[in-house]
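Visitor: All I have is the shape, not the residue letters:
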């Protein structure tokens, strides 16, 4: 390891750990938000994209080489991720490399058949860097994490694999892959979405493997006709069955799986808390993005703004309360926006009322229209222009 004083982090020497970001998921539960873009390319927090988080974590942790494995609706994501300059990963010794599928499945399409298959198809890429460790990340979660500290934990425990986990409410544990561990953190069992969970340690989809050992397992997995080619269903259970040493790395901090409209809304709304653990204004662990050049926000003399997260380029002349406004949004006179996320370029017309909703980019809410309800159980996604009187 060598200290990189200019950037303030410890950089991996000679690519001792290489990162692979799994960014090929469709994100179907996000409905119209992912009709034309991959889930990791969905906007978040005013000006960011979801994939900014794992890539910024890599840069801040001193990981210089990152492969981004894309698949579904990947044109926008490919062009965005390949610009490694956003995260300072564009020198002769660093880079972000976009890696689409190369092998044809039974369907005749180029696809990744599972999370493990995505890595298997890129063994040659990984081998070209000859890393000692491989870090595998999900590209669709919101969090800050120092992967270097996780690597230290992995090394101290002489583990074959280390899996990041986070404690979730026991009543929600059946939604996740659950790690059952001994007191020292060693994993003795992995359960995929168990009906009756034994613990609340949920996998975060973040793994560190000793590359040579994992490589052997991936080669064997590729030859199996019964495998799902998935880390949770195949690779991790096989490692446990083989007596490999697997440890759970307990993460303490903000982490959100933004796989549904409600959870994406909730993660944005968390930014309204001045003491939120994510803290996007923290320069000590900055989240980098391709920051658009916009005019400063404008708040009119008759505007009423209470507890709002407002990005540059916004124009507010009405009422905004407990809401998050992305770049370039507009709230016109006498309009009321409450408990709502307005994504890039959304416009709320004069006298319109919007409550408990997530408004998609560039959607226009007509003058006098009423959208959403304070009593609704779920967040309303609005993906098309709304005229007055529409339901």
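Guide: Cool, the structure landed. Predicted, not measured: the structure shown is a model, and the values here were computed from it.
Visitor: Report the buried residues of stretch 185-202.
Guide: Within stretch 185-202, the residues that count as buried by 16 or more other C-beta atoms under 10 Å are 185, 187, 190, 191, 194, 197, 199, 200, 201, 202. Glycine gets a C-beta too; all of them are placed from N, C-alpha and C.
Visitor: Also stretch 119-127?
Guide: For stretch 119-127, burial by neighbour count (16+ other C-beta under 10 Å) applies to 119, 120, 121, 122, 125, 126.
Visitor: Tell me the one of these nearest residue 308?
Guide: Closest approach between the buried residues of stretch 119-127 and residue 308, by C-beta to C-beta: residue 119, at 42.0 Å.
Visitor: Assumed the closest one was part of a strand.
Guide: No. The assignment for residue 119 (DSSP: H, G, I helix; E, B strand; the rest coil) gives helix, which keeps it out of a strand.
Visitor: From here on, call the first residue 715.
Guide: Done: numbering now begins at 715, and the last item shifts to residue 833.
Visitor: possible to save the buried residues of stretch 899-916 as JSON lines with secondary structure, pLDDT and distance to residue 1083?
Guide: What follows is the buried residues of stretch 899-916, written out as JSON lines (DSSP: H, G, I helix; E, B strand; the rest coil; pLDDT from 0 to 100; distance: C-beta to C-beta, whole Å):
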{"residue": "899", "secondary structure": "coil", "pLDDT": "97", "distance to residue 1083": "54"}
{"residue": "901", "secondary structure": "strand", "pLDDT": "98", "distance to residue 1083": "52"}
{"residue": "904", "secondary structure": "strand", "pLDDT": "93", "distance to residue 1083": "49"}
{"residue": "905", "secondary structure": "strand", "pLDDT": "93", "distance to residue 1083": "47"}
{"residue": "908", "secondary structure": "coil", "pLDDT": "92", "distance to residue 1083": "45"}
{"residue": "911", "secondary structure": "coil", "pLDDT": "94", "distance to residue 1083": "44"}
{"residue": "913", "secondary structure": "coil", "pLDDT": "95", "distance to residue 1083": "48"}
{"residue": "914", "secondary structure": "coil", "pLDDT": "95", "distance to residue 1083": "43"}
{"residue": "915", "secondary structure": "strand", "pLDDT": "97", "distance to residue 1083": "46"}
{"residue": "916", "secondary structure": "strand", "pLDDT": "95", "distance to residue 1083": "40"}
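Visitor: before we move on, back to that, is it possible to export the buried residues of stretch 833-841 to TSV including distance to residue 755?
Guide: Below are the buried residues of stretch 833-841 laid out as TSV (distance: C-beta to C-beta, whole Å):
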residue	distance to residue 755
833	21
834	24
835	21
836	20
839	22
840	24
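Visitor: could I get those as TSV with distance to residue 1074 and pLDDT?
Guide: As requested, the buried residues of stretch 833-841 are exported to TSV (distance: C-beta to C-beta, whole Å; pLDDT from 0 to 100):
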residue	distance to residue 1074	pLDDT
833	33	96
834	36	95
835	33	93
836	33	95
839	35	95
840	37	97
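Visitor: follow-up on the earlier one: and the buried residues of stretch 899-916, which two are the farthest apart?
Guide: Between any two of the buried residues of stretch 899-916, the greatest separation by C-beta to C-beta is 19.4 Å, found for 899 and 908.
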